[in-house]
Structures are given as structure tokens and as C-alpha cells.
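Visitor: here are the coordinates; sequence isn't available:
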């Protein structure tokens, strides 16, 4: 399985992905699920993948191939030369549809699952920073202030903390903490999600990555957040009023 | 959907169930999912249900009918006269298999889901307090010290807190708090799980219910726990170290 989370707050975009991939319980591998593209000062994009790995790798390969074509021939639309992030999401959706057309029938006949979803996050010069969720069918939705985050894969364990703490006004620092806590809760409760993690932070209008970092199992910063959160939960739990006592006035 | 949780700790059993049932998003009803049976000093049993409501209601109706038969004819095995909680779980499993035999095919042909699962918790005089999870096929597993809790339905949102705080040595008070926090997190993140709640607590060897209570939306005790937890999470989040600062020594 997979857990990826993307936040779109006023200050920018924060993306975090795990790296565990499994075909059954006994075939576990490590693959990065985040791919980034940057032309400093012009455009910065991160793609996060979940679902059938052959499909998402195919989508990414075709997108990369498209960028090379677009570099040689500006008339060829690639995610690095189209005029808006909306068009970037359209290209990702079109590649997804194409991969599904080629492979879906045969994959399903084998009894496997061909579904895949991607997060598309980024900003182009002159535009706003945006976050899209692209579905298996190639259609997509965009994060808004009402729903400032998207999750892929094993989303339920890590959703409560996001629901509680994330608003469009959250700072990038707080957003980074929130995705770490959300991932930490997921990893603790689900074997199919695992370290290391890939983190990317795109500050609004910077048109470059403020942070691009692999977080290993031994990362002292992530561990400090994980430990601090565990202690806060433990102390918070100890301080809860009894269910059968009268509530505090 | 549904969220039910049962804890088996050294001091006893703690059960909590929501009451929301839905057939699609626009057909939401309220049904109790907990049924209790008690012969004070002899036997105390709680059943918690999830899945297809017609199946679980049928299972419960047949179990109640069996108790009446067993009262008239002690040779008829009912959950109130068999010699062990294991046999109680066997009876619940057998009734589940029977309901599936009668209805499953037609339900599935209609495009609906016939799956159902139950928690069976209780103690009989001279035995230990036990917690079972009965599957759709009528087979079942038992909670042990390694896994002191079972969940039904929308289990993922409320699992992280149980994983963090519940051990077989947890007190009944702490267990009650833990199931409330687990339910609170689930209700906040999933519309298909809703108040009011049904709570039951069986203290080891008491052979009666220590607590049997409906928790309404306005319940001040539950609200106090919910508020205290929200504050603890909020303060805990504020106190987290930054991901990009050096960790505390």
C-alpha cells in the first residue's frame, strides 16, 4: 500500500510520501513515490503516486518523455511548458487514461488491481500554487480552502490529525509537522506503509523547492517529532477526565 | 457504516458502539448495535454488530429465540446455558452461517453486501472473561494479551490511539477513556459513524454489568473527554519541535 499526503496552505505546498510498495504481504519493496520537476524561477512541480506501480511508473515515464519532446519542440505540450497548473493536471490525466487503455484490461484479467491515483502539486510563474488529485479515469479535482489537503492510499489512520490542525492559514512549519504526525500515526498502525519518507515543500511564489529531503528511519528531526507527539498523547490521555465522574465546571 | 470497539483487559471488558446505519448516503437511520444478556451472578454477555443489518438482526433474533427454547428445555443449547464463552461464540457463529445460507445469494444478486461481523464479549460463572470476533463465515477469533482489542466497521480512524495506550494492564477507567477517544476521532472524520453511543463495561468476575449506558450527543462526560482530548492534541501539536531545527539533546 502507500500513504501520500499533500497540503495546500496560503504559504505554499507541503508533500510527504512513504516508499513502501507491496505485491502481497511477502513481496515488499522500496520505490520512491515522489517525482519532482524544477526550472528555478519559472516552474516547480511535484508528483506523488499511489496504486498500481506499473501504471504510475508508466505515467511518469511518459511525462518525462513528453518534457524532452517539449524541450525540442515548444509546440509539443509538456508539463514544463503548458500555460497553467490546470493544464499540467490535464496532461497527467491524459497519460493516466492512456496507460489504463493499454494495460487495464489485461491487469484485471490477471486478478490484479489497475487503479492508480496521483497528486499534482506546483506553481508556474505568474500563476497560483495549486494541488490536484488525478483519478484512475484521468479526471481530477483541486484542493480549495474548504479542503486544503489530499491523501492517497492508506488515508484513514492519518486523517484525524489533519482534520484537527490544518487550515489554509497553517504555516509551512506547522504543515510539515502535521504531515509528519499524520504519517507517523499511519506507519504505527499499518505495516504496508513504511520509512523512509520523501518530503517536499514549495513556498508560494518562490518557484523552487524550499525543502526536498529524504527522511530516513533514523532521522533525528522526524524522531523528535514522533517522540514529542507520543509524549503529548500519553500525557493528554492521562489528563482526561473520567467518563463516570461529573465533568469539570 | 458502523464503528464498534471491544477491549479485553485484565480487569474486564469494555464495549462501545455507535448507532448510525446507512443504506447509501441518503438513507441514514439509527439502530442500536449492542445487545446485552445478563443473569446476575451467573452470566453476562454483550453482542456488538456490524455489516448487513438484516443479517445481524436475524442472528440476534435467532439467538434470543434460542434462549427462550433453552429456558424451556435445558437440553437445547443457548448462549445462556452452554458451558463456556467459547460455546457462546460457536452458537453465534452457527446462527451467522445459517443466516448467510438463507439470504446471502439473493442479497448479492441484488448488488448489496451480505457480510456481517459480531463481537461477542462476556463471562460465565467459573470461566474467564472473553472477547471474540465472529466473521461472516461463522468462524471466530479470540482476543489475547497480544491483541487486547477488536474493532468492527470503520476501524482505521480510531486505531492509532488504541495502539498507543491500551495494554492488558490498562484499567477499566482508562479503557473507557480510550474507547471514547477512539470513537470521537472516528466520528470527527467519518460521517457514517454517529452519536448516540452505547457503552457497556463488564468487570472481571462481577457477572453483572458495571456500566450500561447510552451516551447522547449532549452527554457532558463524553463532551468533557472530547474537549480535553482536543486541547491535549492542540497543545501537543503546538509544542512539537520543528522538522528543520536540530532535535533537542
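Guide: Alright, I've got the coordinates. It should be emphasised that the depicted structure is a prediction, and the values quoted were computed from it without experimental measurement. Numbers count the residues shown, from 1 in each chain, chains lettered A, B, ... in the order given.

Visitor: Residue A:233 contacts residue B:164, correct?
Guide: Yes - assessed by CB atoms under 8 Å, residue A:233 is found in contact with residue B:164 at 5.8 Å. For glycine as for every other residue, the C-beta is placed from the backbone atoms N, C-alpha and C.

Visitor: what's in contact with the longest helix seen in chain A?
Guide: Using DSSP state H, we find that the single longest helix of chain A is helix A:85-109. Applying CB atoms under 8 Å, 6 or more residues apart in numbering or on different chains, the contact partners of helix A:85-109 are A:45, A:47, A:52, A:54-55, A:58-59, A:62-63, A:66, A:77-79, A:82, A:113-114, A:116, A:118, A:120, A:122-124, A:127-130, A:132, A:134-140, A:142.

Visitor: Among those, which ones are in helices?
Guide: Among the contacts of helix A:85-109, the residues falling in helices (DSSP H) are A:54-55, A:58-59, A:62-63, A:66.

Visitor: Just the buried residues of the residues you listed.
Guide: Buried members of the ones in helices among the contacts of helix A:85-109, counted by 16 or more other CB atoms under 10 Å in any protein chain shown: A:55, A:58-59, A:62-63, A:66.

Visitor: which residue packs closest to residue A:116, ignoring adjacent ones?
Guide: The shortest distance from residue A:116 to any non-neighbouring residue, by CB to CB, 6 or more residues apart in numbering or on different chains, is to residue A:51 (3.2 Å).

Visitor: If you count contacts, what does the lowest-mean-pLDDT helix or strand in chain A end up packed against?
Guide: Ranking every helix and strand in chain A by mean pLDDT, DSSP states H and E puts strand A:28-30 at the bottom, with a mean of 81. Counting by 3 or more CB pairs under 8 Å, 6 or more residues apart in numbering or on different chains; DSSP states H and E, the packing neighbours recorded for strand A:28-30 are strand A:20-22.

Visitor: shaky segments in chain A?
Guide: Within chain A, the ranges that satisfy pLDDT under 70 run A:24-25, A:245-249.

Visitor: Strands along that one, start to end?
Guide: A:3-9, A:12-17, A:20-22, A:28-30, A:34-39, A:43-51, A:116-124, A:130-134, A:140-142, A:149-153, A:197-203, A:209-215 (DSSP state E).

Visitor: Now render those as JSON lines, adding mean neighbour count and distance to residue B:222.
Guide: Listed next are these as JSON lines, based on neighbours: other CB atoms under 10 Å in any protein chain shown; distance: least, CB to CB, whole Å:
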{"stretch": "strand A:3-9", "mean neighbour count": "27", "distance to residue B:222": "30"}
{"stretch": "strand A:12-17", "mean neighbour count": "27", "distance to residue B:222": "33"}
{"stretch": "strand A:20-22", "mean neighbour count": "19", "distance to residue B:222": "37"}
{"stretch": "strand A:28-30", "mean neighbour count": "11", "distance to residue B:222": "40"}
{"stretch": "strand A:34-39", "mean neighbour count": "18", "distance to residue B:222": "40"}
{"stretch": "strand A:43-51", "mean neighbour count": "25", "distance to residue B:222": "36"}
{"stretch": "strand A:116-124", "mean neighbour count": "26", "distance to residue B:222": "36"}
{"stretch": "strand A:130-134", "mean neighbour count": "24", "distance to residue B:222": "34"}
{"stretch": "strand A:140-142", "mean neighbour count": "16", "distance to residue B:222": "35"}
{"stretch": "strand A:149-153", "mean neighbour count": "23", "distance to residue B:222": "28"}
{"stretch": "strand A:197-203", "mean neighbour count": "24", "distance to residue B:222": "36"}
{"stretch": "strand A:209-215", "mean neighbour count": "17", "distance to residue B:222": "37"}
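
Visitor: got the ones you listed as a markdown table, with distance to residue B:160 columns?
Guide: Shown next, in a markdown table, are those (distance: least, CB to CB, whole Å):
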| stretch | distance to residue B:160 |
| --- | --- |
| strand A:3-9 | 13 |
| strand A:12-17 | 17 |
| strand A:20-22 | 18 |
| strand A:28-30 | 21 |
| strand A:34-39 | 24 |
| strand A:43-51 | 20 |
| strand A:116-124 | 23 |
| strand A:130-134 | 24 |
| strand A:140-142 | 27 |
| strand A:149-153 | 15 |
| strand A:197-203 | 17 |
| strand A:209-215 | 19 |
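
Visitor: between those strands, which gets nearest to residue B:187?
Guide: Within the strands of chain A, the stretch nearest residue B:187 is strand A:149-153; the backing value is 18.7 Å (CB to CB).

Visitor: and the closest one, does that touch chain B?
Guide: No - Strand A:149-153 stays out of contact with chain B when judged by CB under 8 Å from any CB of the partner chain, the minimum separation being 11.1 Å.

Visitor: Off-centre distance for that strand?
Guide: In terms of CA atoms, centre = their mean, to the nearest Å, the centre of strand A:149-153 is set 6 Å apart from its chain centre.

Visitor: Partner strands of it, with direction?
Guide: Take DSSP bridges as the rule and strand A:149-153 pairs in its sheet with strand A:3-9 (antiparallel).

Visitor: what's the angle between the strand it pairs with and strand A:130-134?
Guide: 150 degrees (axes from the mean of the first three to the mean of the last three CA atoms, to 10 degrees).

Visitor: Pull the contacting residues for the residue nearest to residue A:235 when sequence neighbours are not counted.
Guide: Closest residue to residue A:235 apart from its sequence neighbours, by CB to CB, 6+ apart: residue B:232 at 7.1 Å. Residue B:232 is in contact with A:232-233, A:235-237, A:239-240, counting by CB under 8 Å, 6+ apart.

Visitor: and if you look at residue A:171?
Guide: Applying CB under 8 Å, 6+ apart, the residues near residue A:171 are A:9, A:11.
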